[in-house]
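A.B. asks: Below: sequence and its predicted model.
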Amino acid sequence: MVSKKPLSFLEGVNVETGVITDPELEAVGETVSGKVLVFPWCRGSTVGTYAIYGLASNGVAPSAMVCVEADIVSAVGCAMAGIPLVHRVERNPLTVIRSGDYVVVDADRGVVEVMSRRLGKRSRRL
């Protein structure tokens, strides 16, 4: 799931359901649950960290996050929630990944691999 706009986990994602509620986002009405969430960075207060943790506590967190530039909210929230996070990859993930692509994230190695639905079995590494 890709959002080209920054996310506010406090105001833009329902912590109980994982559904994006921010009407400014392309994916409004969709759930982040079990998906690789790709976005530029978080916006809003540090309470968003607890919202990310809340998503995990409620079993509706993304399976991983890929940011253009991780910020303190996303970094600490993912660390607390046990969500793999990768940022500052070689290629801008917002220009390479599209919603619906299959994405594998190896946060330990800082590697993101993308298999596009449109390209079949072709795989790209970011």
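C.D. replies: On my side now, so go ahead. Numbers count the residues shown, from 1 in each chain.

A.B. asks: Quick check: closest non-adjacent residue to residue 18.
C.D. replies: Setting aside the residues directly before and after it, residue 18 is nearest to residue 60 in space (CB to CB, 6 or more residues apart in numbering), at 3.2 Å. C-beta coordinates here come from the backbone N, C-alpha and C atoms, glycine included.

A.B. asks: Please, which helix or strand holds that neighbour?
C.D. replies: Using DSSP states H and E, residue 60 sits in no helix or strand.

A.B. asks: again, but for residue 54
C.D. replies: Remark: residue 54 resides in helix 47-57, with elements defined by DSSP H and E.

A.B. asks: From the chain's centroid, how far away is that helix?
C.D. replies: Relative to its chain's centre, helix 47-57 lies at 13 Å (CA atoms, centre = their mean, to the nearest Å).

A.B. asks: which intervals of this protein have sub-threshold pLDDT?
C.D. replies: 117-126 (pLDDT under 70).
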